[in-house]
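Novice: Here is a sequence together with a model predicted from it:
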Amino acid sequence: MVETSLAALVERPFELLQAMERRSRDAHAGREAGVGPAEWVGVGFRIGEEQFVAERDQVREVLMLPESSTRVPGAHRWLLGIANLRGHLLPLVDVKLLLGSGRTTLRRTARVISVNHREVPAGLVVDEVLGFRRFGDHEYSNEAVETIVRCERFLKGAYRRGGDSWPVFDLFDFVESNLFLQAAAD
């Protein structure tokens, strides 16, 4: 089908609206005309001095640290507590401490990543959220990435751009792991 320019349809408003709707649907589905390679969108974040990216669909929302949370008796130190966020209880987990790399410094930049998992509610406390990161398929590498924060088993390749490497942190694998699910202290 030959795509007519929108300007050519100015005198035919119904056809103009149809063309606009078709383009909108195509763009939403990632089929926009003239688009280069496929694009992957994730949420960038920092643990310690290292940057990571998580699949956008695995992140429900990014939140400020709550003003208060309730400690859980008998839990590991990495389970910071339970917070009431808009009427929902969310366990807050210090990711850096859980991975054995020290405690996250709770600064102004620290954020909570609410994981979009149906069965395991979790708020992951990270040093900073860096916003959306967009990468082309050609920037992806399946090669294992070494990290200072010991999280290699939760990484699914990396996106590389220039001198930067963005390891893909699989949040679902993380919250489903035995390491995460064993919150009771010995």
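Specialist: Structure's in. What do you need?
Novice: Quick check: mean pLDDT of the lengthiest helix in the chain?
Specialist: Of all the segments of type helix in the chain, defined by DSSP state H, the longest one is helix 13-28. Rounded to a whole number, the mean pLDDT of helix 13-28 is 74.
Novice: Can I get the next helix or strand after that helix in PDB? Just the C-alpha atoms.
Specialist: Beyond helix 13-28 in the direction of the C-terminus, DSSP states H and E gives the next helix or strand as strand 39-47. What follows is the C-alpha trace of strand 39-47 in PDB, where atoms were taken according to Å, rounded to 0.1, in the frame of the first residue of the first chain:
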ATOM      1  CA  GLU A  39      14.300  -0.300  19.600                       C
ATOM      2  CA  TRP A  40      14.500  -1.800  23.100                       C
ATOM      3  CA  VAL A  41      13.400   0.500  26.000                       C
ATOM      4  CA  GLY A  42      14.500   0.000  29.600                       C
ATOM      5  CA  VAL A  43      14.800   1.800  32.900                       C
ATOM      6  CA  GLY A  44      18.300   2.700  33.800                       C
ATOM      7  CA  PHE A  45      19.400   2.600  37.400                       C
ATOM      8  CA  ARG A  46      22.600   2.700  39.500                       C
ATOM      9  CA  ILE A  47      23.700   0.200  42.200                       C
END
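Novice: Run through the neighbouring helices and strands of the helix or strand following strand 39-47.
Specialist: If you walk from strand 39-47 toward the C-terminus, the next helix or strand you reach (DSSP H and E) is strand 50-55. When contacts are defined as 3 or more Cβ pairs under 8 Å, 6 or more residues apart in numbering; DSSP states H and E, strand 50-55 packs onto strand 39-47, strand 128-136, strand 164-169. C-beta here means a position set from N, CA and C on the backbone, and glycine is covered the same way.
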